[in-house]
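Colleague: Below are the sequence and a predicted model; questions follow.
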Amino acid sequence: MRRPSISQILAVVAALALTVGAVVLAARVEPTVPARLTLGGHLLFVRGRWEIGLAWLLAVAFVLLIAQVRRRPRLAVLSLVPLLVLAGWLAHPWLLDRQPAVEAFTAAGELPENHRRTLLVGVDAMSWSRILPLVAAGKMPNVARLMDEGSYGVLHSLRSYRPSVKEWGYWSPVVWTSIATGTTEAKHGIDDFSVRTPNGPRMAKSWYRKEPAFWNIFSAFHRPVGVVGWWASWPAEKVDGVMVSSSIGLRGHRGIRRIELDDESWLLRRRQLTWPESYKQVVAHDVGLPKGIGDWVETELYPFREYPILDDERLDTLLSVLWQDRLYLDTALHLLRTEDFSLYTTYFEGVDVVSHNFWQFIDFPEELRQQARFPVPDGFDADRHVVDRYYEIVDGYLGELLAAAGDDATVMVVSDHGFHSDPDHARKANHSPYGVILMKGPGIRRGHDLNLSLPGSLAELFGGGTAGGDRVTVLDVLPTLLYLHGLPISEQLDGRVLSETLERSLAGRRPELTVPTYGDFAATREIDVESADEDEYLQRMKALGYIR
């Protein structure tokens, strides 16, 4: 038998080393940018950049081994070419800046000066079916003011497919990322609450996003931003201004009781909760963490102490979300009062979580009374009104934000989807495609109904149609924001400027600036995953029924 040559031995060792390295990486490294394969619009599979790269690596190792065993030196040399291509492809996200390329905007010429101060508020699952009766009863005066002084209407959501549960629906991380980027999930890459990795499901993070969000675009033009709590915004990104990521709330702590015991120590230990990193000190010490959330819930939201809901551990997630809403409010108010930014944003999740727990009692109180998550007094139907009560509380939050922003600020309030009764759902209620948009400010038409003719349109609206006007979708929020601030709009965006909301004087004097693209953008992985926080996030998403 012919003895193997030294080159053959080295080839075998190299192939084994590549194989072992691939296996080790597969066990330890998360995918960065999801890659998908579709056929005729149907999703065949989703794999991460690292998973595809590792398969490529194994293939190169196999070719290298065969080339040496069969004494094909040219084939061995050629196998190194795809290896170099692979290395460049895997390193690509780390070589790019997180900001979109400002050079891509030079074709638009000199940008006009813009001193507009805008407040963008996201309210998860806010629905006209609850707003309209409360406005009519005088219980949501701040929303009524926005309707009187600006434009309003139905904001159509985006239905998407969740690979993890193989279901279609209206999913918060997907839709909020579409609002932030002005693109569909096929472009921005966030398609679920979690991402599949070799180590199991992991939370959707900012580095999975493939398109620039409004905070990247505004920052690229030195229009400072203050971003608080936006979905899938952790780790916090470098911005011109301040970013307080989503993991400073529900997705970043252990539970409401522990929060109150540990005070701010948990916050100070976490990395990249904020940009700049030092801003978490401001949140901890100047803003301060909310206290006594349990007492507040039983006083303001469910005031029946003989049946305390705090004893029900299943409602820990509800309490955590209400705590989070208050923290986001206080942080946004602090930014509005202390910083001079072009754009301020904050987000409230409580309406969605309260609706998941209590909406069923609005239309099915007697049928579901015996299935209640906690006891209620016999003959008392206050549980039916918890949803409306939290709408009133959020209206109060809006009032505080409006006062801090000032009368000359532009205000946009949007929801990612609506909520409605659903007899076929396990909880008799579920997301609907009909969200909310409210706008007011300089140049915004006053008292303008975009597509909701009051008071006779609700039956038509919730039957699947609109009562006139053009369809307004969540993809239209970013183009409209950019237009109002005089910033170029990429032709890659999937939405449009809501010109029907603008006064003729504004639409006539300001041309719409467009560019073909915002340039290269890729998220970078800058810190390691903290597995405890990942596990806590997944547990809470399971408690809400989003992950099985």
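Modeller: Great, that's in hand.

Colleague: Okay, buried residues for stretch 143-157 please.
Modeller: Going by neighbour count (16 or more other Cβ atoms under 10 Å), the buried part of stretch 143-157 is 143-147, 149-157. C-betas here are computed from N, CA, C, even on glycine.

Colleague: Next up, phi/psi of Gly447, please.
Modeller: When read as degrees, to the nearest 10, the backbone of Gly447 gives phi 60, psi 30.

Colleague: What's the local residue count around it?
Modeller: 11 (other Cβ atoms under 10 Å).

Colleague: so which strand or helix has the closest residue to Tyr161 other than its chain neighbours?
Modeller: Nearest residue to Tyr161, sequence neighbours excluded (Cβ to Cβ, 6 or more residues apart in numbering): Trp168, at 5.4 Å. Following DSSP states H and E, one finds Trp168 within strand 167-169.

Colleague: neighbouring contacts of that strand?
Modeller: Residues from elsewhere that reach strand 167-169, judged by Cβ atoms under 8 Å, 6 or more residues apart in numbering: Arg159, Ser160, Tyr161, Arg162, Asn430, His431.

Colleague: what lines up beside that strand in the sheet?
Modeller: According to DSSP bridges, strand 167-169 forms sheet pairs with strand 160-162 (antiparallel).

Colleague: And the strand it pairs with, what's buried?
Modeller: Ser160, Tyr161, Arg162.

Colleague: same question, stretch 157-171
Modeller: Ser157, Leu158, Ser160, Tyr161, Arg162, Pro163, Ser164, Gly169, Tyr170, Trp171.

Colleague: just to revisit the earlier point, tell me which two in the contacts of strand 167-169 are the farthest apart.
Modeller: By the measure Cβ to Cβ, Tyr161 and Asn430 form the most distant pair in the contacts of strand 167-169, at 16.2 Å.

Colleague: wait, Leu513 sits on Gly486?
Modeller: Yes - using Cβ atoms under 8 Å, Leu513 is in contact with Gly486, at 7.3 Å.

Colleague: hang on, the earlier thing: redo the buried residues of stretch 157-171 as CSV? Include distance to Thr331 and pLDDT.
Modeller: Converted to CSV, the buried residues of stretch 157-171 look like this (distance: Cβ to Cβ, whole Å; pLDDT from 0 to 100):
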residue, distance to Thr331, pLDDT
Ser157, 26, 94
Leu158, 28, 93
Ser160, 29, 85
Tyr161, 34, 84
Arg162, 30, 78
Pro163, 33, 74
Ser164, 31, 68
Gly169, 30, 86
Tyr170, 27, 90
Trp171, 25, 88
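
Colleague: Map the structural domains onto the sequence of the protein.
Modeller: For the chain, automatic domain parsing gives the domain ranges 6-95, 119-500+509-543.

Colleague: Lowest average pLDDT across those domains?
Modeller: For the domains of the chain, mean pLDDT drops lowest on domain 6-95, to a mean of 55.

Colleague: Quick one: the strands in the stretch 401-548 of the chain, in order.
Modeller: With DSSP state E, counting those that start in this stretch applied, the stretch 401-548 of the chain shows strands at 410-414, 418-421, 429-432, 434-440, 448-449, 489-490, 514-515, listed in chain order.

Colleague: what's the closest of those strands to Leu333?
Modeller: strand 410-414 (14.2 Å).

Colleague: quick one: contacts for Val282?
Modeller: Listed by Cβ under 8 Å, 6+ apart, the contact set of Val282 reads His334.

Colleague: Give the helix, strand or coil label for it.
Modeller: helix (DSSP: H, G, I helix; E, B strand; the rest coil).

Colleague: From Gly441, how far out is the closest residue to Asn114 other than its chain neighbours?
Modeller: Closest residue to Asn114 apart from its sequence neighbours, by Cβ to Cβ, 6+ apart: Gly486 at 4.3 Å. Separation of Gly486 from Gly441 (Cβ to Cβ, to the nearest Å) stands at 14 Å.

Colleague: neighbours of Arg446, just the number please.
Modeller: For Arg446, the neighbour count with other Cβ under 10 Å is 11.

Colleague: Equivalent analysis for Ser127, please.
Modeller: 25.

Colleague: Same check on Pro423?
Modeller: 10.

Colleague: What of Gly294?
Modeller: Applying other Cβ under 10 Å, we find 17 residues neighbouring Gly294.

Colleague: distance of it from Leu158?
Modeller: 36 Å.

Colleague: residues contacting Thr345?
Modeller: In this structure, Thr345 makes contact with Leu119, Leu120, Val121, Gly122, Phe214, Val225, Gly226, Val227, Val228, Trp230, Ala332, judged by Cβ under 8 Å, 6+ apart.

Colleague: Mind checking which of those are in strands?
Modeller: Judged by DSSP state E, these include Leu119, Leu120, Val121, Gly122, Val225, Gly226, Val227, Val228 as members of strands.

Colleague: Export those residues as CSV, with columns for distance to Ala180 and neighbour count.
Modeller: Below are these laid out as CSV (distance: Cβ to Cβ, whole Å; neighbours: other Cβ atoms under 10 Å):
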residue, distance to Ala180, neighbour count
Leu119, 15, 24
Leu120, 10, 23
Val121, 14, 26
Gly122, 9, 27
Val225, 11, 25
Gly226, 14, 26
Val227, 9, 32
Val228, 13, 29
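
Colleague: So which of these is the closest to Glu500?
Modeller: Proximity of the ones in strands among the contacts of Thr345 to Glu500 was ranked by Cβ to Cβ; the top entry is Leu120 with 19.1 Å.

Colleague: Bridge partners for that closest one, pull those for me.
Modeller: Judged by DSSP bridges, the bridge partners of Leu120 are Thr345, Met412.

Colleague: quick one: the strands in the stretch 151-300 of the chain?
Modeller: Applying DSSP E, counting those that start in this stretch to the stretch 151-300 of the chain gives strands spanning 160-162, 167-169, 194-197, 200-203, 225-228, 241-244, 274-275.

Colleague: Touching the last one from outside, list them.
Modeller: When contacts are taken as Cβ under 8 Å, 6+ apart, the neighbours of strand 274-275 outside the stretch itself are Ala236, Glu237, Lys238, Val239, Val242, Met243, Val244, Ser245, Ile248, Lys280, Val283.

Colleague: Quick check on those: which are buried?
Modeller: With burial judged by 16+ other Cβ under 10 Å, the buried subset of those is Ala236, Glu237, Val239, Val242, Met243, Val244, Ser245, Ile248, Lys280, Val283.

Colleague: Next, find the distance separating the last one from Trp296.
Modeller: In this view, Val283 and Trp296 are 20 Å apart by Cβ to Cβ.

Colleague: Please apply the same query to the second one.
Modeller: Counting by Cβ to Cβ, the gap between Glu237 and Trp296 amounts to 32 Å.

Colleague: Could you do the fourth one as well?
Modeller: In this structure, Val242 lies at 27 Å from Trp296, with Cβ to Cβ as the measure.

Colleague: Equivalent analysis for the third one, please.
Modeller: Using Cβ to Cβ, one gets 32 Å for the distance from Val239 to Trp296.

Colleague: quick check, nearest of the buried residues of strand 160-162 to Ala405?
Modeller: Nearest member of the buried residues of strand 160-162 to Ala405, counting by Cβ to Cβ, is Ser160, at 32.2 Å.

Colleague: got the contact list for the closest one?
Modeller: When contacts are counted by Cβ under 8 Å, 6+ apart, Ser160 touches Trp168, Gly169, Tyr170, Trp171, Val174, Val175, Thr184, Glu185, Asp191.
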